[in-house]
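Asks: 3D, please:
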Amino acid sequence: MKSSIKKYTTAAAFLLLLGSCKSDFLDRVNPNLPVEETYWALESDAQAAMPTIYSPIRSQMSGYYGAYGGYQTMNRADDMWFLTGEEPFTWEYVNFLNSPGTAESDFGSLYTGINRANVFLKNVPRVSMDEGRKNELIGEASFLRGMYYFLLAANYGDVPLRLLPAGDDPDGVNKASSPEADVWKQVIADFKVAKNYLPVTRPAAEAGRVTKGAAVAYLGKALVYTKQYSEAETELKALLSAPYTYDLVADFDDNFKETTKLNKESVWELVYDSRFGGDGNWGVDCASCAMGFVLPNFAGPDGTGAWFKLMPGAAVVRDFTSEERPIGADTKFDKRMYTSFFWKYSDYETGLTDGAWFGNLSFDKLWDNASAKRQRGEPVFPTVNGKQGRFLIKKYTNFYKNVAGANSMYDASNRNNNLRVFRFAEVLLLHAEACAKNGNLGGATSSLKRIRDRAGLANKTWANADALMKEIIKQNELEFFFEGHRFFDLKRWYTPTEMKQVFVDNKKQGANNFQPKHYYLPIPEGEINTNTKIQQHPLWR
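Replies: Numbering: from 1, shown residues only. Below is the predicted model:
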């Protein structure tokens, strides 16, 4: 990604934060500070403004994909186990004890991104530049606005639709929510604009900026979420052939290593680089904020430089071990299991050398280091081959370094991985889902087989769409463990009553607390208190 995306200018940040406010003092030009009327003149102005639209979602701490706030909140399904005694807000979310006053809501940061996109889309038409390149920028801003509204619709349901800069909206801060269905319509409209304008590929200097493929993938995903399966199948199928060149990487590990970023499986990933922004202002959206990848510090085992806050849920371990690979395979279990978890191989299979990580620490040592926190309450893993299960999170740690303390964010060299937000594996599973719902069993089987083949699983056939969907549901669970998908997948497939039963059956923390309202997050108190027209989501009233 260009340095302009990694580190945006103070001038551009000021203009987009300004939100196009119209005050008398803006009628005069301040020679020391750019204003809206004079800023939007050159292509360099527009390019400098674009990174600020990405910024709210890229925060390494807070923000939707931030390791402190967002990542813990969105992983509130049954594939994860959160240790007690850590952040109180996390405990409330994962146990379905949250309220409109629970901390770390991403509602505001998502609207910050939307307003910046609105300011950009209002002003970029008058920039003097090549029209084709200008359209690409319009497509890029439209994609980001659509992505922010996607996250709002998926998490909050009914929310205000703001399509003008804050200072231009006749409703001002007071705006009623639109029905969730209307929000999804805007999401789809924005992704269609992005699909029409974005380039298929970008030069190396722009790696990490969204492309046409990312727009098509998100469009297909939004169509699946809204059960428009026929159109979804068409959009997602387009990504399986030229001009697109996406494919699954042979080694599942490569989706989670710093050394294999931006590979052929990456449809879109958030680019982090600890060289930019320094070490201060953690979790704040600003031009000088740290821009490193810090998730390993939260997820890694104790004694590896990490804080050790999470463990795998028992059910996902059960489901990984429920289907062994064919006799004669080089491993006993699904290949993805060796990337997803730390565990002692010789506990459950023979002929495989036990691993060692973070300065040649054995699994036994990692497990012992975790003892104090595990005693607060831990998942009861299934017995595997007659031995009690023992598993820790490996995915999105710096497991590939084998250096003592490699998960510590306080060493800048540990903060340079990227977060893969959309992988081609998701395209395949969404395509399989759309095909199954449309009765195209051949198309569903073909895409599903590619996922199973990479995992090293045996060939299978499915008699009908229901059997296919059951397998698609399982493969989503295994493929995207700890990637924030599970809660939203379950919402697509199950009613609230059914979803609660899944949680109860899988012994999820707080399963018995789950109510229909927990399908959604509540509109935060701060918004309710400042926006006189908004109403709380109907299920939360």
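
Asks: which other helices and strands contact the helix or strand where residue 468 lies?
Replies: In this structure, residue 468 sits in helix 465-479 according to DSSP states H and E. Contact analysis of helix 465-479 by 3 or more Cβ pairs under 8 Å, 6 or more residues apart in numbering; DSSP states H and E lists helix 314-321, helix 424-438, helix 441-455, helix 486-493 as its packing neighbours. No exception for glycine: its C-beta is placed from N, CA and C like everyone else's.

Asks: contact partners of the first one?
Replies: Think helix 314-321. The contact list for helix 314-321, computed with Cβ atoms under 8 Å, 6 or more residues apart in numbering, reads 78-79, 81, 333-334, 336-337, 340-341, 348, 379-382, 384, 389, 391, 474, 477-478, 481, 505-508.

Asks: circling back to that earlier point, among the helices and strands packed on helix 465-479, which is nearest residue 285?
Replies: Taking Cβ to Cβ as the criterion, helix 486-493 is the member of those that comes nearest to residue 285, at 24.4 Å.

Asks: Please name every helix or strand in contact with the next helix or strand after that closest one.
Replies: Moving toward the C-terminus from helix 486-493, the next helix or strand (DSSP H and E) is helix 496-505. Using 3+ Cβ pairs under 8 Å, 6+ apart as the contact criterion, the neighbours of helix 496-505 among helices and strands are helix 486-493.

Asks: So which residue is dead centre in this structure?
Replies: Taking Cα atoms, centre = their mean, the centroid of the chain lies closest to residue 421, which sits 4.7 Å from it.

Asks: gap between the nearest residue to residue 489 once chain neighbours are set aside and residue 485?
Replies: Spatial nearest neighbour of residue 489, excluding adjacent residues (Cβ to Cβ, 6 or more residues apart in numbering): residue 476 at 5.2 Å. Distance of residue 476 to residue 485, computed by Cβ to Cβ, to the nearest Å: 6 Å.

Asks: More neighbours: which of those two?
Replies: Neighbours around residue 476 and residue 485, counted as other Cβ atoms under 10 Å, are more numerous at residue 476. The numbers are 24 against 19.

Asks: Touching, that one and residue 487? I think so.
Replies: No. Residue 476 sits out of contact with residue 487 when judged by Cβ atoms under 8 Å, with a separation of 11.6 Å.

Asks: Please enumerate the helices of the stretch 251-400 of the chain.
Replies: Using DSSP state H, counting those that start in this stretch, the helices of the stretch 251-400 of the chain run over 295-299, 314-321, 337-340, 363-369, 371-374.

Asks: Tell me which of those lies nearest to residue 397.
Replies: Proximity to residue 397, assessed across those by Cβ to Cβ, is greatest for helix 295-299 (4.6 Å).

Asks: Verify the stated contact: residue 148 with residue 114.
Replies: Yes. Using Cβ under 8 Å, residue 148 is in contact with residue 114, at 4.9 Å.

Asks: was I right about the residue nearest to the centre of the chain contacting residue 270?
Replies: Yes. Shown here, residue 421 and residue 270 form a contact pair, counting by Cβ under 8 Å, at 5.9 Å.
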